[in-house]
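> turn this into a model:
(one chain, ligands or ions: 1)
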Amino acid sequence: MEIVILAVVIAVVALGAISGLVVSSRKKKQLPPAPPSSPSVTAPPAEPHVGEEAETPRPEPRRTVEEVELPPAEAPAADEPVVEPAAPEAPAAEEPRLEVPEPTAGRLVRLRARLSRSQNSLGKGLLTLLSREHLDEDTWEEIEDTLLTADVGVAPTQELVERLRERVKVLGTRTPEELRALLREELVALIGTDADRTVHTEPGVGVNGEEKPGVVMVVGVNGTGKTTTTGKLARVLVADGKSVVLGAADTFRAAAADQLQTWGERVGARTVRGPEGGDPASIAFDAVKEGIAEGADVVLVDTAGRLHTKTGLMDELGKVKRVVEKHGSVDEVLLVLDATTGQNGLTQARVFAEVVNITGIVLTKLDGTAKGGIIVQVQRELGVPVKLVGLGEGPDDLAPFEPEAFVDALLG
Ligand SMILES: Nc1nc2c(ncn2[C@@H]2O[C@H](COP(=O)(O)OP(=O)(O)OP(=O)(O)O)[C@@H](O)[C@H]2O)c(=O)[nH]1
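Numbers count the residues shown, from 1 in each chain. The predicted structure is shown next:
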(Lines give C-alpha, C1' and ligand atoms only; values in the text may rest on other atoms or scores of the structure.)
Protein backbone atom coordinates (compact mmCIF):
# COMPACT_ATOMS: atom_id res chain seq x y z
CA MET A 1 0.00 0.00 0.00
CA GLU A 2 2.79 2.43 1.00
CA ILE A 3 4.55 1.63 -2.24
CA VAL A 4 1.38 2.47 -4.19
CA ILE A 5 0.99 5.80 -2.31
CA LEU A 6 4.69 6.59 -2.93
CA ALA A 7 4.30 5.81 -6.63
CA VAL A 8 1.23 8.10 -6.87
CA VAL A 9 3.08 10.96 -5.07
CA ILE A 10 6.11 10.60 -7.41
CA ALA A 11 3.79 10.53 -10.44
CA VAL A 12 1.94 13.70 -9.27
CA VAL A 13 5.22 15.54 -8.55
CA ALA A 14 6.65 14.49 -11.90
CA LEU A 15 3.52 15.60 -13.78
CA GLY A 16 3.51 18.92 -11.91
CA ALA A 17 7.11 19.60 -12.87
CA ILE A 18 6.48 18.78 -16.53
CA SER A 19 3.36 20.94 -16.82
CA GLY A 20 5.25 23.82 -15.10
CA LEU A 21 7.91 23.58 -17.80
CA VAL A 22 5.30 23.72 -20.56
CA VAL A 23 3.56 26.78 -19.12
CA SER A 24 6.79 28.72 -18.68
CA SER A 25 7.94 27.73 -22.16
CA ARG A 26 4.64 28.91 -23.70
CA LYS A 27 4.73 32.16 -21.75
CA LYS A 28 8.15 32.90 -23.16
CA LYS A 29 6.92 32.33 -26.70
CA GLN A 30 4.17 34.90 -26.30
CA LEU A 31 6.58 37.67 -25.48
CA PRO A 32 8.89 39.09 -28.06
CA PRO A 33 12.51 39.13 -27.00
CA ALA A 34 13.59 42.28 -25.22
CA PRO A 35 15.23 44.71 -27.59
CA PRO A 36 18.99 44.69 -27.26
CA SER A 37 19.14 48.43 -26.77
CA SER A 38 16.00 48.85 -24.68
CA PRO A 39 16.93 51.69 -22.35
CA SER A 40 13.79 51.60 -20.24
CA VAL A 41 14.44 51.05 -16.58
CA THR A 42 10.90 51.47 -15.38
CA ALA A 43 9.17 48.99 -17.69
CA PRO A 44 9.51 45.30 -16.96
CA PRO A 45 12.13 43.82 -19.31
CA ALA A 46 9.72 41.43 -21.04
CA GLU A 47 7.16 44.12 -21.96
CA PRO A 48 7.03 45.07 -25.65
CA HIS A 49 8.22 48.57 -26.34
CA VAL A 50 6.75 51.01 -28.81
CA GLY A 51 7.86 50.18 -32.30
CA GLU A 52 8.84 46.59 -31.58
CA GLU A 53 5.61 45.20 -32.90
CA ALA A 54 6.43 46.48 -36.34
CA GLU A 55 9.75 44.61 -36.37
CA THR A 56 10.25 41.31 -38.13
CA PRO A 57 10.28 38.66 -35.36
CA ARG A 58 13.76 37.29 -34.75
CA PRO A 59 14.24 33.47 -34.84
CA GLU A 60 14.03 31.89 -31.42
CA PRO A 61 14.17 28.26 -30.24
CA ARG A 62 10.68 26.89 -29.98
CA ARG A 63 9.53 23.95 -27.86
CA THR A 64 6.22 22.58 -29.05
CA VAL A 65 3.72 20.71 -26.97
CA GLU A 66 4.74 17.49 -28.74
CA GLU A 67 8.39 17.93 -27.84
CA VAL A 68 7.74 17.84 -24.10
CA GLU A 69 6.14 14.40 -24.51
CA LEU A 70 3.22 14.79 -22.19
CA PRO A 71 0.89 11.94 -21.78
CA PRO A 72 -2.26 12.74 -23.76
CA ALA A 73 -4.40 13.08 -20.62
CA GLU A 74 -2.13 15.71 -19.12
CA ALA A 75 -1.69 17.79 -22.28
CA PRO A 76 -3.20 21.28 -22.27
CA ALA A 77 -6.88 21.29 -23.03
CA ALA A 78 -7.45 20.56 -26.69
CA ASP A 79 -9.69 23.60 -27.07
CA GLU A 80 -7.01 25.95 -25.71
CA PRO A 81 -5.59 27.74 -28.73
CA VAL A 82 -1.95 27.16 -29.43
CA VAL A 83 -0.33 30.54 -29.45
CA GLU A 84 1.61 31.01 -32.61
CA PRO A 85 3.90 34.02 -32.99
CA ALA A 86 2.40 36.72 -35.11
CA ALA A 87 3.11 36.45 -38.82
CA PRO A 88 6.15 38.52 -39.61
CA GLU A 89 5.10 41.90 -40.86
CA ALA A 90 6.98 43.54 -43.70
CA PRO A 91 9.18 46.27 -42.27
CA ALA A 92 7.43 49.62 -42.73
CA ALA A 93 8.73 51.51 -45.77
CA GLU A 94 10.57 54.59 -44.62
CA GLU A 95 8.09 57.49 -44.61
CA PRO A 96 9.43 60.88 -45.61
CA ARG A 97 9.55 63.07 -42.54
CA LEU A 98 6.87 65.76 -42.83
CA GLU A 99 7.57 69.29 -41.78
CA VAL A 100 5.34 71.08 -39.32
CA PRO A 101 4.68 74.57 -40.69
CA GLU A 102 4.63 77.52 -38.33
CA PRO A 103 1.19 78.49 -37.05
CA THR A 104 -0.55 81.06 -39.26
CA ALA A 105 -1.84 83.36 -36.55
CA GLY A 106 0.52 86.20 -35.76
CA ARG A 107 2.88 85.54 -38.66
CA LEU A 108 2.86 89.18 -39.74
CA VAL A 109 3.81 90.26 -36.24
CA ARG A 110 6.62 87.68 -36.17
CA LEU A 111 7.87 88.86 -39.55
CA ARG A 112 7.52 92.57 -38.80
CA ALA A 113 11.29 93.12 -38.75
CA ARG A 114 11.36 92.23 -42.47
CA LEU A 115 8.85 94.98 -43.12
CA SER A 116 10.32 97.67 -40.95
CA ARG A 117 13.74 97.15 -42.58
CA SER A 118 12.39 97.79 -46.05
CA GLN A 119 9.64 100.26 -45.27
CA ASN A 120 11.52 102.64 -42.99
CA SER A 121 11.27 105.56 -45.36
CA LEU A 122 7.51 105.25 -45.46
CA GLY A 123 6.55 104.87 -41.82
CA LYS A 124 9.43 106.38 -39.90
CA GLY A 125 10.11 108.94 -42.66
CA LEU A 126 6.57 110.28 -42.41
CA LEU A 127 6.74 110.38 -38.65
CA THR A 128 9.99 112.37 -38.71
CA LEU A 129 8.57 114.89 -41.16
CA LEU A 130 5.36 115.34 -39.18
CA SER A 131 7.37 115.90 -36.01
CA ARG A 132 9.06 119.01 -37.39
CA GLU A 133 8.30 122.09 -35.37
CA HIS A 134 7.09 124.09 -38.37
CA LEU A 135 4.99 122.20 -40.82
CA ASP A 136 5.44 124.53 -43.77
CA GLU A 137 4.50 123.93 -47.39
CA ASP A 138 7.91 122.42 -48.15
CA THR A 139 7.44 119.86 -45.41
CA TRP A 140 3.98 118.93 -46.70
CA GLU A 141 5.50 118.51 -50.13
CA GLU A 142 8.15 116.23 -48.70
CA ILE A 143 5.42 114.19 -47.03
CA GLU A 144 3.67 113.93 -50.37
CA ASP A 145 6.88 112.84 -52.11
CA THR A 146 7.50 110.18 -49.47
CA LEU A 147 4.07 108.69 -50.08
CA LEU A 148 4.44 108.82 -53.87
CA THR A 149 7.89 107.22 -53.73
CA ALA A 150 6.39 104.38 -51.70
CA ASP A 151 3.87 103.78 -54.51
CA VAL A 152 0.82 104.91 -52.55
CA GLY A 153 -0.51 106.51 -55.74
CA VAL A 154 -1.49 110.10 -56.53
CA ALA A 155 -5.13 110.18 -55.44
CA PRO A 156 -4.63 108.29 -52.16
CA THR A 157 -1.58 110.47 -51.38
CA GLN A 158 -3.56 113.66 -51.81
CA GLU A 159 -6.39 112.34 -49.68
CA LEU A 160 -4.04 111.35 -46.91
CA VAL A 161 -2.12 114.63 -46.91
CA GLU A 162 -5.37 116.58 -46.72
CA ARG A 163 -6.59 114.54 -43.74
CA LEU A 164 -3.26 114.92 -41.99
CA ARG A 165 -3.18 118.69 -42.52
CA GLU A 166 -6.63 119.06 -41.04
CA ARG A 167 -6.01 116.88 -38.04
CA VAL A 168 -2.59 118.37 -37.24
CA LYS A 169 -4.16 121.85 -37.31
CA VAL A 170 -6.89 120.78 -34.88
CA LEU A 171 -4.33 119.13 -32.64
CA GLY A 172 -2.27 122.33 -32.22
CA THR A 173 0.78 121.42 -30.18
CA ARG A 174 1.72 117.84 -30.85
CA THR A 175 3.49 115.24 -28.76
CA PRO A 176 5.35 112.46 -30.63
CA GLU A 177 2.85 109.95 -29.21
CA GLU A 178 -0.13 111.93 -30.50
CA LEU A 179 1.43 112.23 -33.92
CA ARG A 180 2.20 108.56 -34.08
CA ALA A 181 -1.36 107.66 -33.10
CA LEU A 182 -2.78 110.07 -35.64
CA LEU A 183 -0.59 108.79 -38.48
CA ARG A 184 -1.34 105.19 -37.53
CA GLU A 185 -5.07 105.83 -37.63
CA GLU A 186 -4.92 107.53 -41.02
CA LEU A 187 -2.69 104.88 -42.62
CA VAL A 188 -4.90 102.08 -41.34
CA ALA A 189 -7.96 103.91 -42.68
CA LEU A 190 -6.23 104.34 -46.05
CA ILE A 191 -5.57 100.59 -46.30
CA GLY A 192 -9.02 99.77 -44.99
CA THR A 193 -10.20 97.48 -42.23
CA ASP A 194 -13.65 96.61 -43.57
CA ALA A 195 -12.62 94.26 -46.36
CA ASP A 196 -12.91 90.51 -45.91
CA ARG A 197 -9.31 89.30 -46.04
CA THR A 198 -10.05 85.65 -45.39
CA VAL A 199 -8.77 83.22 -48.02
CA HIS A 200 -11.99 81.29 -48.64
CA THR A 201 -11.32 77.58 -48.58
CA GLU A 202 -14.46 76.24 -46.96
CA PRO A 203 -15.81 73.06 -48.53
CA GLY A 204 -18.94 73.43 -50.62
CA VAL A 205 -21.37 71.31 -52.55
CA GLY A 206 -20.33 69.95 -55.94
CA VAL A 207 -22.53 69.74 -59.02
CA ASN A 208 -23.61 66.21 -58.12
CA GLY A 209 -24.50 67.14 -54.57
CA GLU A 210 -21.30 65.66 -53.15
CA GLU A 211 -19.03 67.52 -50.72
CA LYS A 212 -16.49 69.51 -52.68
CA PRO A 213 -13.18 70.87 -51.31
CA GLY A 214 -12.55 74.60 -51.28
CA VAL A 215 -10.94 75.43 -54.63
CA VAL A 216 -8.32 78.15 -54.97
CA MET A 217 -6.77 79.20 -58.28
CA VAL A 218 -3.45 81.02 -58.13
CA VAL A 219 -2.75 83.29 -61.09
CA GLY A 220 -0.07 85.81 -61.96
CA VAL A 221 2.87 86.54 -64.18
CA ASN A 222 5.99 84.34 -64.11
CA GLY A 223 8.60 85.41 -61.62
CA THR A 224 6.14 87.09 -59.26
CA GLY A 225 6.46 84.13 -56.91
CA LYS A 226 3.32 82.29 -57.98
CA THR A 227 4.48 78.71 -57.59
CA THR A 228 6.35 79.55 -54.40
CA THR A 229 3.23 81.23 -53.06
CA THR A 230 1.08 78.20 -53.92
CA GLY A 231 3.53 76.03 -51.97
CA LYS A 232 3.62 78.43 -49.04
CA LEU A 233 -0.18 78.66 -49.03
CA ALA A 234 -0.37 74.87 -48.84
CA ARG A 235 1.75 75.15 -45.68
CA VAL A 236 -0.53 77.85 -44.25
CA LEU A 237 -3.52 75.56 -44.79
CA VAL A 238 -1.75 72.51 -43.36
CA ALA A 239 -0.76 74.61 -40.34
CA ASP A 240 -4.47 75.35 -39.93
CA GLY A 241 -5.19 71.61 -39.90
CA LYS A 242 -6.45 71.20 -43.49
CA SER A 243 -5.64 68.50 -46.03
CA VAL A 244 -4.51 69.85 -49.37
CA VAL A 245 -4.25 68.59 -52.95
CA LEU A 246 -2.14 70.59 -55.40
CA GLY A 247 -2.89 70.90 -59.10
CA ALA A 248 0.17 71.65 -61.25
CA ALA A 249 -1.58 73.39 -64.12
CA ASP A 250 1.47 75.39 -65.15
CA THR A 251 2.51 73.07 -67.96
CA PHE A 252 4.33 75.81 -69.83
CA ARG A 253 7.36 75.94 -67.57
CA ALA A 254 8.87 72.47 -67.37
CA ALA A 255 10.18 72.72 -63.81
CA ALA A 256 7.06 74.30 -62.30
CA ALA A 257 5.34 70.97 -61.56
CA ASP A 258 8.48 69.53 -59.92
CA GLN A 259 8.86 72.70 -57.86
CA LEU A 260 5.25 72.49 -56.71
CA GLN A 261 5.48 68.78 -55.96
CA THR A 262 8.52 69.36 -53.77
CA TRP A 263 6.63 71.99 -51.79
CA GLY A 264 3.72 69.60 -51.38
CA GLU A 265 5.82 66.62 -50.32
CA ARG A 266 7.32 68.58 -47.47
CA VAL A 267 3.91 68.89 -45.80
CA GLY A 268 2.15 65.79 -47.11
CA ALA A 269 0.11 67.45 -49.87
CA ARG A 270 -0.24 65.36 -53.03
CA THR A 271 0.36 66.96 -56.42
CA VAL A 272 -1.77 66.10 -59.44
CA ARG A 273 0.24 66.70 -62.59
CA GLY A 274 0.16 65.90 -66.27
CA PRO A 275 2.59 65.63 -69.15
CA GLU A 276 4.81 68.59 -69.93
CA GLY A 277 2.97 70.88 -72.30
CA GLY A 278 -0.29 69.05 -71.53
CA ASP A 279 -3.68 70.66 -71.17
CA PRO A 280 -3.71 72.74 -67.97
CA ALA A 281 -7.51 72.75 -67.80
CA SER A 282 -7.64 68.96 -67.71
CA ILE A 283 -4.99 68.83 -64.96
CA ALA A 284 -6.94 71.38 -62.92
CA PHE A 285 -10.11 69.36 -63.54
CA ASP A 286 -8.41 66.14 -62.40
CA ALA A 287 -6.94 67.81 -59.32
CA VAL A 288 -10.40 68.87 -58.15
CA LYS A 289 -11.84 65.47 -59.10
CA GLU A 290 -9.21 63.72 -56.97
CA GLY A 291 -9.69 66.25 -54.19
CA ILE A 292 -13.40 65.35 -54.14
CA ALA A 293 -12.67 61.60 -54.30
CA GLU A 294 -10.27 61.64 -51.38
CA GLY A 295 -12.27 64.09 -49.28
CA ALA A 296 -9.53 66.75 -49.22
CA ASP A 297 -10.32 70.08 -47.59
CA VAL A 298 -8.72 72.31 -50.20
CA VAL A 299 -7.43 72.06 -53.79
CA LEU A 300 -4.87 74.68 -54.84
CA VAL A 301 -4.37 75.09 -58.58
CA ASP A 302 -1.14 76.72 -59.78
CA THR A 303 -1.47 78.16 -63.30
CA ALA A 304 0.93 79.32 -66.00
CA GLY A 305 2.20 82.89 -65.92
CA ARG A 306 3.59 83.04 -69.40
CA LEU A 307 2.59 81.73 -72.79
CA HIS A 308 3.66 82.54 -76.31
CA THR A 309 1.07 85.29 -76.48
CA LYS A 310 -0.85 87.29 -73.92
CA THR A 311 -4.13 86.34 -75.57
CA GLY A 312 -3.14 82.68 -75.38
CA LEU A 313 -2.44 82.97 -71.67
CA MET A 314 -5.66 84.76 -70.94
CA ASP A 315 -7.72 82.31 -72.99
CA GLU A 316 -6.08 79.48 -71.11
CA LEU A 317 -6.80 80.96 -67.69
CA GLY A 318 -10.43 81.54 -68.55
CA LYS A 319 -10.68 77.95 -69.76
CA VAL A 320 -9.03 76.51 -66.63
CA LYS A 321 -11.59 78.30 -64.49
CA ARG A 322 -14.56 77.26 -66.63
CA VAL A 323 -13.46 73.63 -66.70
CA VAL A 324 -12.88 73.50 -62.93
CA GLU A 325 -16.34 74.97 -62.44
CA LYS A 326 -17.81 71.82 -63.98
CA HIS A 327 -17.22 70.33 -60.51
CA GLY A 328 -18.63 73.34 -58.68
CA SER A 329 -17.54 76.83 -57.69
CA VAL A 330 -13.99 78.17 -57.61
CA ASP A 331 -13.88 79.78 -54.18
CA GLU A 332 -10.86 82.05 -54.55
CA VAL A 333 -8.84 83.40 -57.43
CA LEU A 334 -5.67 84.84 -55.96
CA LEU A 335 -3.59 87.18 -58.08
CA VAL A 336 0.09 87.13 -57.15
CA LEU A 337 1.87 90.46 -57.66
CA ASP A 338 5.51 91.28 -57.08
CA ALA A 339 5.66 94.41 -54.88
CA THR A 340 9.00 95.42 -56.32
CA THR A 341 7.57 95.95 -59.81
CA GLY A 342 5.41 98.96 -58.88
CA GLN A 343 3.29 100.29 -61.75
CA ASN A 344 4.08 97.22 -63.82
CA GLY A 345 2.27 95.12 -61.24
CA LEU A 346 -0.78 97.32 -61.60
CA THR A 347 -0.80 96.87 -65.36
CA GLN A 348 -0.62 93.10 -64.90
CA ALA A 349 -3.44 93.24 -62.38
CA ARG A 350 -5.71 95.00 -64.87
CA VAL A 351 -5.05 92.41 -67.57
CA PHE A 352 -5.76 89.45 -65.28
CA ALA A 353 -8.87 91.07 -63.86
CA GLU A 354 -10.33 91.24 -67.36
CA VAL A 355 -10.36 87.46 -67.76
CA VAL A 356 -10.87 86.03 -64.31
CA ASN A 357 -12.76 87.41 -61.38
CA ILE A 358 -9.91 88.12 -58.94
CA THR A 359 -11.07 87.71 -55.33
CA GLY A 360 -7.82 88.42 -53.48
CA ILE A 361 -4.30 89.70 -53.97
CA VAL A 362 -1.07 88.21 -52.73
CA LEU A 363 1.69 90.80 -52.64
CA THR A 364 5.09 89.10 -52.66
CA LYS A 365 8.62 90.34 -51.98
CA LEU A 366 7.49 93.08 -49.60
CA ASP A 367 10.68 92.32 -47.68
CA GLY A 368 12.78 93.63 -50.55
CA THR A 369 11.16 96.95 -51.35
CA ALA A 370 10.34 100.30 -49.79
CA LYS A 371 7.23 100.46 -51.94
CA GLY A 372 4.68 98.99 -49.57
CA GLY A 373 2.26 101.72 -50.59
CA ILE A 374 1.39 99.59 -53.62
CA ILE A 375 -1.06 97.82 -51.29
CA VAL A 376 -3.24 100.93 -51.29
CA GLN A 377 -3.09 101.41 -55.06
CA VAL A 378 -3.71 97.84 -56.07
CA GLN A 379 -6.69 97.49 -53.75
CA ARG A 380 -8.23 100.64 -55.19
CA GLU A 381 -7.47 99.69 -58.74
CA LEU A 382 -9.08 96.26 -58.53
CA GLY A 383 -11.50 96.82 -55.69
CA VAL A 384 -10.11 93.59 -54.21
CA PRO A 385 -8.33 93.25 -50.85
CA VAL A 386 -4.74 92.17 -50.29
CA LYS A 387 -5.15 88.88 -48.40
CA LEU A 388 -1.61 87.59 -48.07
CA VAL A 389 1.85 89.11 -48.15
CA GLY A 390 5.18 87.46 -48.97
CA LEU A 391 7.97 88.55 -46.69
CA GLY A 392 10.88 86.36 -47.71
CA GLU A 393 12.02 83.21 -49.42
CA GLY A 394 11.61 80.97 -46.39
CA PRO A 395 8.83 78.36 -46.49
CA ASP A 396 6.78 80.09 -43.81
CA ASP A 397 7.38 83.66 -44.97
CA LEU A 398 3.83 84.12 -46.21
CA ALA A 399 1.50 85.92 -43.81
CA PRO A 400 -2.18 86.77 -43.71
CA PHE A 401 -2.38 90.52 -44.25
CA GLU A 402 -3.54 92.55 -41.25
CA PRO A 403 -3.67 96.34 -41.80
CA GLU A 404 -2.98 97.27 -38.15
CA ALA A 405 0.00 94.97 -37.77
CA PHE A 406 1.34 96.16 -41.12
CA VAL A 407 1.11 99.86 -40.15
CA ASP A 408 2.63 99.14 -36.73
CA ALA A 409 5.58 97.53 -38.49
CA LEU A 410 5.94 100.56 -40.77
CA LEU A 411 5.98 102.99 -37.86
CA GLY A 412 8.44 100.86 -35.88
N1 LIG B 1 12.40 87.90 -51.08
C2 LIG B 1 11.33 87.25 -51.48
N3 LIG B 1 11.41 86.37 -52.52
C4 LIG B 1 10.30 85.71 -52.91
C5 LIG B 1 9.07 85.92 -52.25
N6 LIG B 1 8.14 85.13 -52.88
C7 LIG B 1 8.80 84.46 -53.87
N8 LIG B 1 10.09 84.82 -53.90
C9 LIG B 1 11.12 84.35 -54.83
O10 LIG B 1 10.79 84.71 -56.16
C11 LIG B 1 11.37 83.78 -57.06
C12 LIG B 1 10.35 83.36 -58.11
O13 LIG B 1 9.41 82.51 -57.50
P14 LIG B 1 8.51 81.47 -58.33
O15 LIG B 1 7.50 80.93 -57.42
O16 LIG B 1 9.37 80.53 -59.08
O17 LIG B 1 7.81 82.45 -59.32
P18 LIG B 1 6.87 82.22 -60.56
O19 LIG B 1 7.74 82.45 -61.73
O20 LIG B 1 5.73 83.16 -60.39
O21 LIG B 1 6.38 80.80 -60.68
P22 LIG B 1 6.16 80.13 -62.14
O23 LIG B 1 5.05 80.86 -62.84
O24 LIG B 1 5.89 78.75 -61.85
O25 LIG B 1 7.42 80.29 -62.92
C26 LIG B 1 11.88 82.64 -56.22
O27 LIG B 1 13.27 82.76 -56.10
C28 LIG B 1 11.22 82.86 -54.87
O29 LIG B 1 11.97 82.36 -53.80
C30 LIG B 1 9.00 86.86 -51.16
O31 LIG B 1 7.97 87.11 -50.54
N32 LIG B 1 10.17 87.48 -50.82
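> what about the helix or strand hosting Val378 and the ligand, any contact?
Assigned by DSSP states H and E, Val378 belongs to helix 374-382. No. Using Cβ under 6 Å from any ligand atom, helix 374-382 stays clear of the ligand, coming no nearer than 13.3 Å. C-betas here are computed from N, CA, C, even on glycine.
> separation between whichever residue of the chain sits closest to the ligand and Thr146?
Among residues of the chain, the one nearest the ligand by Cβ to the nearest ligand atom turns out to be Gly390. It sits 2.4 Å away. As judged by Cβ to Cβ, to the nearest Å, Gly390 and Thr146 stand 24 Å apart.
> more neighbours: which of these two?
It is Gly390, of Gly390 and Thr146, that has more neighbours when counted by other Cβ atoms under 10 Å, with 27 against 20.
> chain neighbours aside, what residue packs nearest to Glu211?
In space, and not counting its chain neighbours, Glu211 is closest to Pro203: 5.5 Å by Cβ to Cβ, 6 or more residues apart in numbering.
> can you check Ile191 too?
Excluding the flanking residues, the one nearest Ile191 by Cβ to Cβ, 6+ apart is Pro403, at 4.3 Å.
> buried sites along stretch 398-412?
For stretch 398-412, a neighbour-count test (16 or more other Cβ atoms under 10 Å) marks 398-403, 405-411 as buried.
> so is it next to the ligand?
No. Stretch 398-412 stays clear of the ligand (Cβ under 6 Å from any ligand atom), getting no nearer than 7.0 Å.
> right, and the residue of the chain closest to the ligand touches Asp396 too?
No. Look at Gly390 against Asp396 with Cβ atoms under 8 Å: they stay out of range, at 11.0 Å.
> and the stretch 101-250 of the chain, which of its residues are near the ligand?
For the stretch 101-250 of the chain, the residues in contact with the ligand (Cβ under 6 Å from any ligand atom) are 220, 222-228, 250.
> among the residues you listed, which has the minimum pLDDT value?
Least confident of those in the model: Asn222, at 87.
> residues in contact with the closest residue to that one other than its chain neighbours?
The shortest distance from Asn222 to any non-neighbouring residue, by Cβ to Cβ, 6+ apart, is to Gly305 (3.6 Å). Shown in contact with Gly305 (Cβ atoms under 8 Å, 6 or more residues apart in numbering): 219-224, 226, 250, 252-253, 313.
> let me have the residues you listed in TSV, adding neighbour count as columns.
What follows is the contacts of Gly305, written out as TSV (neighbours: other Cβ atoms under 10 Å):
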residue	neighbour count
Val219	25
Gly220	28
Val221	23
Asn222	16
Gly223	12
Thr224	25
Lys226	27
Asp250	26
Phe252	19
Arg253	15
Leu313	22
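> residue contacts, Gly373?
Counted by Cβ under 8 Å, 6+ apart, Gly373 has contacts 122, 147, 150-153, 156.
> show the pLDDT at it.
Looking at Gly373, its pLDDT reads 92.
> for it, give its distance to Asp302.
With distances taken as Cβ to Cβ, Gly373 is found 28 Å from Asp302.
> before we move on, what about Lys289?
For Lys289, the distance to Asp302 (Cβ to Cβ) stands at 17 Å.
> check Asp194 too.
30 Å.
> neighbour count: the two, which is higher?
For Asp194 versus Asp302, the count of surrounding residues by other Cβ under 10 Å is larger for Asp302: 34 against 7.
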